[in-house]
Structures are given as structure tokens and as C-alpha cells.
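Enquirer: What would the 3D arrangement of this be:
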Amino acid sequence: MKKKPLGGKSDLRTRIWKYRYFYIMFLPVLVALILFYYLPMVGIRFAFYKYTPFAPPTFVGMANFKRLWSTPSFWTAFRNTLEISLVNLFLSMIISIVVALLINEIGHLRLKKTVQTIIYLPHFLSWVVVASIFMIVLSPQGGFVNQVLLSLGIIKEPIYFLAEEKWWRPVYFFISRWKETGWGTIIYLATLTSISPELYEAASIDGAGRFKQTLYITIPSIMNTVIIVLILNLAKVLNLFESVFVLYNPLVYHVSDVIQTYVYRLALNANAPDYGFSTAVGLFKSVVSCMLVLFSNWASKKVRGRGIL
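Expert: Okay, here's the model as predicted:
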């Protein structure tokens, strides 16, 4: 005898009552999503208005977007965002994989856990704390790095690493990897533990050393994970703010200013806040980010047979 399919309001009420505790636990999350993600979308309309302090807004249609296309400072920020994010993404993947492989080779369990703990710790420091530490270490006035370089005769005058364009990005990438490399190794270490030891034993019997085992067994075994991590992170390449905001300054805007910091200065940190134009910039960034998410979802389906959405 076939069961009667569920349907109707009574069945819906029954299911809700049956799983009421799960819905109650989900309620705070739902409220937070509405308050902090959906309600702010009302502000999208600002992109089509010109806002002047102490005066009613004026509808300008697409004028803010036309201005966006013709503003060199916006395209500088957009280019910087892509360059910094993509370089950081590939550095993150390469360094995290190498570190994970090195940790995996540590045979002593206690030493292995100690190393993992040490490299994970920086991730739990806020970017404000990390920036404060490196500003002291890299300071041209008594900073540790400058003192060492001066004492070794490598430089003749102190270098202001965070205020010179040629140094800012290398320093930023170093700080970013110092903070996040340990955390990035977790998923690769988890993948490495799933590789069958029998593969290594068979390779060892055939005369393969550790290097060849890594090259022909370990790396191919984690490539699927590498591709998935790459695809997932591509969707977030424009979401760059805090790490840049705490380290940059007006002297290096040309190489460090990104979309989020650009919007921040326009809307919140300017003598005459330009809410309309800053909202147009933010909306443009959101549209591009949405396209990247859709591309990542399509690429994920191609690679692993299912999407990320």
C-alpha cells in the first residue's frame, strides 16, 4: 500500500512542530542574517542619488556609475584589489601545501603537534594586533629589522617598509602569510592523512625515495583538494579590507588602496562624504563578486560534480 504523500498546511505545521527545537536554534542566525545582510540592501538606492549634508537627496540616475567608469582612482583600487588578492591566493596555496608536506614528514608525534600549534597561533591574533607588532618590528626608528640590517652593513639608512611603495606589497604578503599559513595547512594535512600507507609501502619496495613518493603519490593525491580550495577562494578575491586597512597609509595608496578601503574613505573618512558614489562603487564590487561566485560554482561542478551553492 502506497503511503500518502505529505502536503498541505497541516503537514507543514506538523513538520515545524516536530523540528521546533532546530528552528528555535536557527532563529538567532536568521535574525542576524536579516539585520546585517538583507536590510542593508535597502541602501542600494543610494547609488542612484546625490547626497549632500543637510540637504535633500537628488536623483541622478546612472550618473554615479558613469563617474565610476571615468575615475582613475577607482580603477587603481580595482587593479590593486585583483593583484594583491590573486598573488596572496597563490602564495597561500603554495606555502600552505609545502608547510603541510613538511609537517607530514615529521615522525615524532609530540614534535609534530608542537610545530602545528606554533604555526596555528598567529591566526587567532586580530589584524590590529598583528599590524601593531610589525609596525614596531619594522619601524625605522629603532625597529629590530632595521637595526639588524644596519649592523650587518646591508643598508646605510633605515627603511620605512610600510611607507615606501616598493616595499609595501612584499611586506604585506610576508605578514599575511605569517598570520594565515598555519591555518591554511589544516585542510591539506587532513587530506594527507587520508592517503593509504600501502601506497608508500609499495613505492618504497620499488625503490622510490621520499622525494619520489611525494612527487608521484602525495601531490597527485591532494590535487583535487588544491583545485577545490582554489575555486572556493576565487569567489572571495574582492573581499579585501581589514588586513590592508591596518597596514596602509596615504604614502602608499597607489599600490595598496583596494576597493573596500576606497569605499571606506569616500563614505566614512572624508571631509565631504560622498555616499552616492561610494554606494555605486560598492554595488559594482558586489556584482563582480556575484559573478565570481557563479563562476566558482560552475567550475566546482566541472571539477567535482557538484556546486558550492
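Enquirer: Pull the contacting residues for the residue most central in space within the chain.
Expert: Most central in the chain under Cα atoms, centre = their mean is K236, positioned 5.8 Å from the mean C-alpha point. With contacts defined as Cβ atoms under 8 Å, 6 or more residues apart in numbering, K236 is in contact with S85, S289. Every residue, glycine included, has its C-beta placed from N, CA and C.
Enquirer: For F174, give its distance to S85.
Expert: F174 sits 16 Å away from S85 when distances are taken as Cβ to Cβ, to the nearest Å.
Enquirer: Tell me which of these two has more neighbours.
Expert: Residue environment comparison for F174 versus S85 gives the larger neighbour count to S85, 19 against 14, counting by other Cβ atoms under 10 Å.
Enquirer: What's the first helix or strand after the helix or strand harbouring the more buried one?
Expert: When secondary structure is defined by DSSP states H and E, S85 falls within helix 72-104. Remark: after helix 72-104, the chain's next helix or strand is helix 109-120, criterion DSSP H and E.
Enquirer: can you list contacts of whatever helix or strand comes next after that following helix?
Expert: The element immediately downstream of helix 109-120 (helix or strand, assigned by DSSP H and E) is helix 127-137. Taking Cβ under 8 Å, 6+ apart as the criterion, the residues outside helix 127-137 that touch it are 122, 143-145, 162, 171, 175, 178-179, 242-243, 246-247.
Enquirer: Show me what counts as buried in helix 127-137.
Expert: Under the neighbour-count criterion of 16 or more other Cβ atoms under 10 Å, helix 127-137 has W127, V130, A131, F134 buried.
Enquirer: same question, stretch 218-225
Expert: Taking 16+ other Cβ under 10 Å as the basis for neighbour counts, the residues of stretch 218-225 that come out buried are T218, I222, T225.
Enquirer: Below-threshold pLDDT in the stretch 151-300 of the chain: ranges please.
Expert: When residues are selected by pLDDT under 70, those of the stretch 151-300 of the chain lie in 269-270.
Enquirer: roughly how far is the strand or helix carrying I219 from the heart of the chain?
Expert: Secondary structure assigned from DSSP H and E places I219 in helix 219-234. Taking the mean C-alpha point of helix 219-234 and that of its whole chain, the gap between them comes to 16 Å (Cα atoms, centre = their mean, to the nearest Å).
Enquirer: For whatever helix or strand comes next after it, which outside residues touch it?
Expert: Counting by DSSP H and E, the next helix or strand C-terminal to helix 219-234 is helix 242-245. Around helix 242-245, the neighbours that count as contacts under Cβ under 8 Å, 6+ apart are I84, W127, Y172, I175, S176, S256, D257, V258, Q260, T261, Y264.
Enquirer: again, but for stretch 279-289
Expert: 43-44, 46-47, 64-65, 67-68, 74, 235-236, 238-239, 259-260, 262-263, 266-267.
Enquirer: Can you tell me which of these are buried?
Expert: Taking 16+ other Cβ under 10 Å as the criterion, what is buried in the contacts of stretch 279-289 is 46-47, 64-65, 67-68, 74, 235, 238, 259-260, 262-263, 266-267.
Enquirer: Phi and psi next, for I175.
Expert: With angles defined as degrees, to the nearest 10, I175 shows backbone torsions of phi -60, psi -40.
Enquirer: hang on, isn't it packed against Y248?
Expert: No - because the distance of 11.9 Å does not satisfy Cβ atoms under 8 Å, I175 is recorded as not touching Y248.
Enquirer: Return the residues in contact with L266.
Expert: Contacts of L266 were listed using Cβ under 8 Å, 6+ apart, and they are P273, D274, F277, S278, V281.
Enquirer: can you do 6 Å?
Expert: If a contact means Cβ atoms under 6 Å, 6 or more residues apart in numbering, then L266 has D274, S278 as its contacts.
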